[in-house]
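J.: The sequence isn't on hand, but the structure is:
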Ligand SMILES: Nc1nc2c(c(=O)[nH]1)N[C@H]1C(S)=C(S)[C@@H](COP(=O)(O)OP(=O)(O)OC[C@H]3O[C@@H](n4cnc5c(=O)[nH]c(N)nc54)[C@H](O)[C@@H]3O)O[C@H]1N2
Ligand SMILES: Nc1nc2c(c(=O)[nH]1)N[C@H]1C(S)=C(S)[C@@H](COP(=O)(O)OP(=O)(O)OC[C@H]3O[C@@H](n4cnc5c(=O)[nH]c(N)nc54)[C@H](O)[C@@H]3O)O[C@H]1N2
Ligand code: SF4
Ligand SMILES: [Mo]
């Protein structure tokens, strides 16, 4: 660390390693390579398809280990983790005959995933204690009847692992039926980024390419735990530091891998000693990033680092944004964000004096009731400093699932782009005046109110991903028919049961499909996945997502507006995509040229922006009022010694969203999932010592017997893992995007038995 103003929040426990990444990563590769599944794993790694795991993106036609700019050895252990889970043997057929629903409901996320691959369709009928095998005739009969219900009462939910082709077909099917209820996991994730970027820049995604990032000499990384969730971004940070650049990390938790990271991509200089990552590490109060960024803006003004000419030429609304930063007092700013003026000034002077700054962020920014304001405030900072729209500078939301962005581009969203709407209208030969549509939270609420009859889930775990698990269960239980398309069993299949019929359709994944598919990375690069073969035994009764969706559509709509069965050949889907989806023109030739491409109109290396006026639109960002309830508001006995904290909920080292691979998180010193990471000072306030067991209570439920772990988290805040923690709190959402405030959950912590 090359800052002297280190805040006092960095004490970790004795179990925590000194660097992120490092040798354990290599040990994991070795362990997996030597396991019985090792040969299959390596075959899959070399298959020409995109990495399953995160949206940073690699693989595709250039081979499993090459990224879009041709660099080799671009594959991290998270991709191994994801593949290893997918190449597991099938769940034995007799397993479901011999385990009741009640037994299945007791499985943890990890146990459910470890059962193996799903390899035949199943149904759980109303009142039955079991999932039983089902034949395709009956599946389509039930599914057809379900989706013939009034269009406003049918819906879909999707998760970003499927292909662009499946996503396109899903939205075409729903919209042809007259439904706009296309809920998607992005509603729980980057929807605030999409919303803010669309308004400010006229585009929904990152405007920085990987090539451009490589020219930056400063990266601001806010609310992203990249060593865990986008590990190859760490290589870019290491290279940036090596060329003399600076990294500013903004995160209430001092994540060890953001301080020092040992990367296997640089085996000698980095892997064991570790490379310095953060030049400056700021630890704001959870949910206060707007105040911190307004503080940076204020310091930029005071340091004379405002790009006045740029603002005048290329932006609108800048006067009010500058006025806000100017007029807010330092006292208000620093007391809201909990970061000192000196540190904020240091951040501003790094940003003001760097040649190219990229501002990147993830869930620590979006999952708040003011997530959209958070994104505005980051983009305002980029604009004010003129650090945008040139090579090496700009704004870069770091996306989640490996094809979540592709789902959005294909129109799987309740906020359909005007261009896509018009193209669909042409295809349908009628106007598409669809109702508002349910995003994920609206879907849960509507289902709870009995307004949804039928739901198709293309991947994901709607039950496990939502806050207030009891509400999610109840809501899903009000839906007549739910059809889950999935590769692996998860807790949602057992707890998210429909009222009448719950059907699980086992699907092929990206490297097994009998046809080619495509996906889009967070850096706007489209990759082509070759055909593949499944390792599942010959008698496995699995289907591709594309085949299921087109067959269902054919049975519902015959040949309107397209010959659906013909679309089982995905080349035709790509032709439709080329005609319908802005920026995707090049997909029309991809089957012939094999040329993967950057979507046109996304990357901005010089103004104008993509808004109608060509100017970026700036918005002022009110500072949040970050109060917490009092212990008595949680209805606990006042004699109990307790502490109210702002709980951040997120991912451990070895999990992918709701799917847990390993129970511990060694880099945070958390030995299992039933831990709360808190600051020692907070623990001592109520007489706790490390490893003691406490109760953590939210506004819906509590978890008992939670182990206290001391961590480098700032005072007043704490961290726990989802999906388990989702039982204890209700959704408070960002109103413009519907995204739940997973990163600032008010909880009370106490010991159950006090005399
Ligand atoms: N291996 C792996 N890779 C993944 C995933 C996975 O589960 N496993 N999930 C994928 C998906 S869908 C997503 S969305 C991404 C998620 O990637 P991330 O966004 O990196 O994941 P999170 O664990 O949610 O945590 C984000 C970080 O935000 C910090 N944080 C919490 N509150 C605040 C705040 O108020 N302000 C700031 N500045 N920081 C805060 C937390 O301390 C944490 O370090 O990763 C994707 N990649
Ligand atoms: N408390 C809390 N809750 C959160 C978050 C948080 O940070 N804190 N993060 C939120 C975020 S960012 C997200 S994105 C959501 C994630 O929510 P989801 O996307 O709904 O959940 P996943 O756990 O990614 O879904 C995993 C399942 O997808 C299925 N699957 C995997 N591959 C395929 C495939 O190729 N095809 C099909 N059809 N199915 C497949 C498997 O059955 C697997 O069990 O969770 C959200 N929930
Ligand atoms: S960083 Fe993401 S895309 Fe790259 S190999 Fe790792 S999980 Fe896959
Ligand atoms: Mo996500």
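T.: On my side now, so go ahead. Note that the structure is a prediction, hence the values are computed from the model and not measured. Ligands and ions are numbered 1, 2, ... in the order given.
J.: what does the host helix or strand of residue 192 contact?
T.: Counting by DSSP states H and E, the element that carries residue 192 is helix 191-201. The set of residues external to helix 191-201 that reach it, using Cβ atoms under 8 Å, 6 or more residues apart in numbering, is 186, 203-205, 207, 361, 365-366, 371-372, 374-376, 379, 395, 397, 408, 413, 415, 439, 604, 609-611, 616-619, 734, 736-739. Quick note: C-beta positions are derived from backbone N, CA and C, even for glycine.
J.: same thing with stretch 565-582?
T.: 163-165, 168-169, 172, 409-411, 417, 419-420, 423-424, 427, 515-518, 546-547, 550-551, 554, 562, 584-588, 590-591, 601.
J.: does residue 299 really touch residue 349, like I thought?
T.: Yes: between residue 299 and residue 349 a contact is recorded at 7.5 Å, counting by Cβ atoms under 8 Å.
J.: Buried ones only from the contacts of stretch 565-582, please, as a PyMOL command.
T.: To isolate the buried members of those in PyMOL, using 16 or more other Cβ atoms under 10 Å:
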select buried, resi 163+164+165+168+169+172+409+410+411+417+420+423+424+427+515+516+517+518+546+547+550+551+554+562+584+586+587+588+590
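J.: So which of the contacts of stretch 565-582 belong to strands?
T.: Judged by DSSP state E, strands contain the following of the contacts of stretch 565-582: 517-518.
J.: Could you list which of the contacts of stretch 565-582 also contact ligand 1?
T.: Among the contacts of stretch 565-582, proximity to ligand 1 is found for none (Cβ under 6 Å from any ligand atom).
J.: count of neighbours near the residue of the stretch 301-450 of the chain found nearest ligand 4?
T.: Closest to ligand 4 within the stretch 301-450 of the chain is residue 400: 2.8 Å, counting by Cβ to the ion. Counted by other Cβ atoms under 10 Å, the residues lying close to residue 400 total 26.
J.: how much space between it and residue 209?
T.: Computed with Cβ to Cβ, to the nearest Å, the distance linking residue 400 and residue 209 is 19 Å.
J.: one step back: quick one, which of residue 299 and residue 349 is more surrounded?
T.: The neighbour comparison of residue 299 against residue 349 (other Cβ under 10 Å) goes to residue 299, with 24 against 15.
J.: Tell me, what's the model's pLDDT at that one?
T.: Predicted confidence (pLDDT) for residue 299: 98.
J.: and it, what does it touch?
T.: 341, 344-345, 347-349.
J.: Now name the helix or strand holding it.
T.: Here residue 299 is assigned to helix 289-302, by DSSP H and E.
J.: Could you tell me which residues within the one helix or strand residue 575 maps to count as buried?
T.: Secondary structure from DSSP H and E places residue 575 in helix 570-580. Judged by neighbour count using 16+ other Cβ under 10 Å, the buried positions of helix 570-580 are 570, 573-574, 576-577, 580.
J.: For those residues, which two are the farthest from each other?
T.: Across the buried residues of helix 570-580, no pair lies farther apart than 570 and 580, at 14.7 Å, counting by Cβ to Cβ.
J.: what pLDDT, on average, does the helix holding residue 575 get?
T.: Mean per-residue pLDDT for helix 570-580: 98.
J.: try stretch 702-713
T.: Stretch 702-713 comes out at a mean pLDDT of 97.
J.: What is the neighbour count of residue 113?
T.: Neighbours of residue 113 (other Cβ under 10 Å): 21.
J.: Look up the closest residue to it, ignoring the ones flanking it.
T.: With sequence-adjacent residues excluded and distances taken as Cβ to Cβ, 6 or more residues apart in numbering, residue 113 is closest to residue 659, at 5.1 Å.
J.: you'd agree that neighbour is up against residue 111?
T.: No: applying Cβ under 8 Å as the test, residue 659 and residue 111 come out as separate, 11.2 Å apart.
J.: Any residue of the lowest-mean-pLDDT helix or strand in the chain touching ligand 3?
T.: Of all helical and strand segments in the chain, the minimum by mean pLDDT, DSSP states H and E falls on helix 23-34, at a mean of 90. No: using Cβ under 6 Å from any ligand atom, helix 23-34 never reaches ligand 3; the gap is at least 10.9 Å.
J.: Which residues belonging to that helix are considered buried?
T.: 24-26, 28-29, 32.
J.: Repeat that for stretch 203-212.
T.: Using 16+ other Cβ under 10 Å as the test for burial, stretch 203-212 gives 203-210, 212.
J.: Throw the buried residues of helix 23-34 into TSV and include distance to ligand 2, thanks.
T.: Formatted as TSV, those follow (distance: Cβ to the nearest ligand atom, whole Å):
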residue	distance to ligand 2
24	23
25	22
26	26
28	20
29	22
32	18
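J.: nearest to residue 529, of these?
T.: Distance to residue 529, by Cβ to Cβ, is smallest for residue 32 among the buried residues of helix 23-34, at 21.7 Å.
J.: Contact residues of the chain facing ligand 1?
T.: So far as Cβ under 6 Å from any ligand atom goes, the chain lies against ligand 1 at 53-54, 78, 189, 222-225, 228-230, 250-253, 255, 284, 286-287, 289, 362-364, 400-401, 648, 650-651, 655-657, 743.
J.: Tell me who's in contact with the closest residue to ligand 4 within the stretch 1-150 of the chain.
T.: Closest contact between the stretch 1-150 of the chain and ligand 4, by Cβ to the ion, is at residue 55 (8.7 Å). Residue 55 sits next to 160, 230, 398-405, 521-522 when contact means Cβ under 8 Å, 6+ apart.
J.: so which of those are also by ligand 2?
T.: 400-401.
J.: What about the contacts of residue 55, which are in helices?
T.: 404-405 (DSSP state H).
J.: what about residue 342, how many neighbours?
T.: Counted with other Cβ under 10 Å, residue 342 comes out at 12.
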